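**Student:** Provided below are the primary sequence and the corresponding predicted coordinates.
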Amino acid sequence: MKKLLFVLALGFVFNSQAQKFADLGKEETSVVTFFSKSPLEDIEATNKKAAVILDATTGDLQSVITIKMFKFKNALMEEHFNENYMESTKFPNAMFKGKVNEKIDLTTDAAQKVTATGKLTIHGVTKDVTLEGTITKKGDAIALETKFKVKVADYDIKVPSLYVKNIAEVVDVTLTSTIKPYVKK
């Protein structure tokens with residue numbers, strides 16, 4: 001994770017005019033949850049170690065989530081999630097890399113509806129996506145929120161036939177993040 005965050009930060013070009021904001025996964029201010037509703041059981045997990053970087057000038061947006069950091073109410077669910085479905089040793093991260101399509105106005109505290117278009121990689125499969133969300137300026141920080149659906153089969157995540165009624169075909173994913181101005185150290 002540390003290497004990936006370092007590479008992510010290096011890939012994020014810094015200049016003095018840009019307005020860059022980040023949570024590199026240490027502050028626990030970027031949280032990803034997913035929810036699977038199925039006939040037999042609901043499954044929910046939370047990851048408080050997501051990394052999010054936004055260049056408010058260009059709209060460039062990146063997020064990296066370490067799969068093993070998802071926490072479940074049940075340890076056995078967590079084990080099955082990592083070993084049987086997400087294969088988190090083989091595919092340790094999920095990533096979004098894209099661009100906010102609308103101009104971000106940092107002069108207002110009003111919530112701004114935005115879309116971000118880019119590439120979402122889960123389980124080693126990359127798909128073009130457009131996500132809807134909001135950006136809200138909060139003091140010197142920015143709050144981001146998006147909710148979207150992921151079709152499990154689109155990302156080659158195999159569900160054994162024995163458990164097909166336990167796991168939804170489409171899961172709800174939510175990302176909330178409060179990112180602060182990035183200061184290069």
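**Tutor:** Ah, there it is.
**Student:** low-confidence ranges in this protein?
**Tutor:** In the prediction, the chain carries residues with pLDDT under 70 at positions 1-18, 163-164, 185.
**Student:** longest strand anywhere in it?
**Tutor:** Using DSSP state E, we find that the single longest strand of the chain is strand 125-138.
**Student:** what are the pairing partners of whichever helix or strand comes after it, and which direction each?
**Tutor:** Later in the chain than strand 125-138, the nearest helix or strand by DSSP states H and E is strand 141-151. Sheet pairing of strand 141-151 (DSSP bridges) gives strand 125-138 (antiparallel), strand 170-181 (antiparallel).
**Student:** what's strand 141-151 in contact with?
**Tutor:** 21, 34, 52, 54, 56, 106, 116, 122, 129, 131-137, 169-181 (C-beta atoms under 8 Å, 6 or more residues apart in numbering). The way it works is simple: take the backbone N, C-alpha and C, and place the C-beta from them, glycine included.
**Student:** got the buried residues for that strand?
**Tutor:** For strand 141-151, burial by neighbour count (16 or more other C-beta atoms under 10 Å) applies to 142, 144, 146, 148, 150.
**Student:** Is it possible to get a markdown table of these that adds distance to Pro160?
**Tutor:** Shown next, in a markdown table, are those (distance: C-beta to C-beta, whole Å):
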| residue | distance to Pro160 |
| --- | --- |
| Ile142 | 41 |
| Leu144 | 35 |
| Thr146 | 30 |
| Phe148 | 26 |
| Val150 | 19 |
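**Student:** Return the closest of these with respect to Ala94.
**Tutor:** Using C-beta to C-beta, Val150 is the member of those that lies nearest Ala94, at 9.4 Å.
**Student:** how much space between that closest one and Ala143?
**Tutor:** 22 Å (C-beta to C-beta, to the nearest Å).
**Student:** all helices of this protein, in order?
**Tutor:** Shown for the chain, the helices assigned by DSSP state H span residues 2-11, 75-80.
**Student:** re earlier: for Glu44, which of the strands paired with strand 141-151 is the nearest?
**Tutor:** Nearest to Glu44, of all the strands paired with strand 141-151, is strand 170-181, at 9.4 Å by C-beta to C-beta.
**Student:** what's in contact with that closest one?
**Tutor:** Residues contacting strand 170-181 (C-beta under 8 Å, 6+ apart): 19-23, 27, 29-37, 50, 52-54, 63, 133, 138, 140-152.
**Student:** Could you rerun that using 6 Å?
**Tutor:** 21-23, 29-36, 52, 54, 140-151 (C-beta atoms under 6 Å, 6 or more residues apart in numbering).
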